[in-house]
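Engineer: Model the following, please.
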Amino acid sequence: MTAEKVIEIHGLSYSYPDGRSVLRNIDLEVRRHESVAILGPNGAGKSTLLYHLNGTLIGEGAVRILGLPVEKKHLKEIRRRVGVVFQSPEDQLFCPTVFDDVAFGPLNMGLPPDEVKRRVTGALEGVGLMGFEGRSAHHLSEGEKKRVALATVLAMDLEILALDEPTDNLDPAGSRNLVERICLIPQTKVIVTHHLPLVLDLWQRVVLMEGGSKIEDLPTQALVMNRGLMDRFGFDAELALWWYERRKRSGSPRA
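Structural biologist: This next block holds a predicted model:
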């Protein structure tokens with residue numbers, strides 16, 4: 001049985017107030033439990049597309065989340081189902097302690113204190129930050145801040161995670177650590193990035209964007225075997241070939 005569609009976007013366009021077009025006639029569908037990476041150069045419109053998933057931005061066209069149109073009257077319910085992790089953790093962390101930051105969402109959902117504590121504990125455990133409850137997020141490393149920002153969303157037990165450049169400003173080890181933790185999360189995930197190496201092993205499907213338009217939507221394996229697309233987007237074709245051969249030798253079903 002095919003999984004239900006949880007994200008449906010048809011003919012989405014968006015322009016800034018100055019008239020500059022950012023998205024042009026985007027169509028995209030994502031099914032429950034899929035992991036989809038949106039790749040492309042800076043200025044491609046990736047983040048703008050992501051912010052339409054919870055109504056942070058509303059453009060022209062149709063966007064439906066779990067069957068609900070993204071319209072003003074549905075925003076409260078949609079934001080109880082879609083969690084956005086912003087590119088900068090400073091946009092999400094504003095409380096005195098890590099515990100308070102992670103508890104903020106569950107408290108605003110009206111959950112009882114025992115349930116809030118349980119969710120905070122589970123979310124921090126999921127991002128590897130148990131014992132950080134009493135610390136100030138603003139005194140943490142960039143990678144730790146990003147993990148706390150992720151925990152603030154995990155604690156709300158949402159159905160869809162939308163992540164904007166979660167590895168930005170992290171070193172390779174920190175990037176890999178964070179993305180591997182993200183990939184353990186069972187919910188539907190949409191990640192915006194421009195780093196192909198982080199996508200190769202960890203994401204099933206890739207959407208390529210350029211100049212505000214969707215150029216391709218294909219399995220990760222199909223991308224790495226397409227030299228024309230690899231060259232067009234400036235990806236390392238030799239790295240991709242090494243990845244493919246390694247997966248093939250290992251007998252992975254994705255190779």
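Engineer: For the protein, which helix or strand comes out least confident on mean pLDDT?
Structural biologist: helix 237-250 (a mean of 74; mean pLDDT, DSSP states H and E).
Engineer: Now do that one: everything it contacts.
Structural biologist: The contact list for helix 237-250 (C-beta atoms under 8 Å, 6 or more residues apart in numbering) reads 196-197, 200-201, 221, 223-225, 227, 230-231, 254-255. For glycine as for every other residue, the C-beta is placed from the backbone atoms N, C-alpha and C.
Engineer: how about 7 Å then?
Structural biologist: Helix 237-250 is contacted from outside by 197, 200, 221, 224-225, 227, 230-231, 254-255, using C-beta atoms under 7 Å, 6 or more residues apart in numbering.
Engineer: Which two among those residues are spaced furthest apart?
Structural biologist: Maximum pairwise distance among the contacts of helix 237-250 (C-beta to C-beta): 22.6 Å, between Asp231 and Arg254.
Engineer: neighbour count winner among these two?
Structural biologist: Between Asp231 and Arg254, Arg254 has the larger neighbour count (other C-beta atoms under 10 Å), namely 13 against 10.
Engineer: Which pLDDT value belongs to that one?
Structural biologist: We note a pLDDT of 48 for Arg254 in this prediction.
Engineer: Within the helices and strands, which one has Glu144?
Structural biologist: According to DSSP states H and E, Glu144 maps onto helix 142-154.
Engineer: Export that helix to PDB, keeping only CA atoms.
Structural biologist: What follows is helix 142-154, C-alpha atoms only, in PDB (Å, rounded to 0.1, in the frame of the first residue of the first chain):
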ATOM      1  CA  GLU A 142      27.300  26.100  17.500                       C
ATOM      2  CA  GLY A 143      26.800  22.300  17.000                       C
ATOM      3  CA  GLU A 144      25.200  22.000  20.500                       C
ATOM      4  CA  LYS A 145      23.000  25.000  19.800                       C
ATOM      5  CA  LYS A 146      21.700  23.300  16.600                       C
ATOM      6  CA  ARG A 147      21.000  20.100  18.500                       C
ATOM      7  CA  VAL A 148      19.000  22.000  21.200                       C
ATOM      8  CA  ALA A 149      17.100  23.700  18.400                       C
ATOM      9  CA  LEU A 150      16.300  20.300  17.000                       C
ATOM     10  CA  ALA A 151      15.200  19.100  20.400                       C
ATOM     11  CA  THR A 152      12.700  22.000  20.700                       C
ATOM     12  CA  VAL A 153      10.900  20.600  17.700                       C
ATOM     13  CA  LEU A 154      11.300  16.900  18.700                       C
END
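Engineer: related to what we said a few turns ago, would you list the buried entries among the contacts of helix 237-250?
Structural biologist: Buried residues within the contacts of helix 237-250, defined by neighbour count using 16 or more other C-beta atoms under 10 Å: 197, 200, 221, 224, 230.
Engineer: Next, format those residues as JSON lines and append distance to Val63 and secondary structure.
Structural biologist: Listed next are those as JSON lines, based on distance: C-beta to C-beta, whole Å; DSSP: H, G, I helix; E, B strand; the rest coil:
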{"residue": "Pro197", "distance to Val63": "30", "secondary structure": "helix"}
{"residue": "Leu200", "distance to Val63": "29", "secondary structure": "helix"}
{"residue": "Gln221", "distance to Val63": "29", "secondary structure": "helix"}
{"residue": "Val224", "distance to Val63": "30", "secondary structure": "helix"}
{"residue": "Met230", "distance to Val63": "30", "secondary structure": "helix"}
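Engineer: From those residues, which shows the smallest pLDDT?
Structural biologist: By pLDDT, Pro197 ranks lowest within the buried ones among the contacts of helix 237-250, coming in at 75.
Engineer: Now for that residue: which residues touch it?
Structural biologist: Contact partners of Pro197, counting by C-beta under 7 Å, 6+ apart, are Leu239.
Engineer: any idea how far Asp217 is from Val30?
Structural biologist: From Val30 over to Asp217 the distance is 10 Å, taken as C-beta to C-beta, to the nearest Å.
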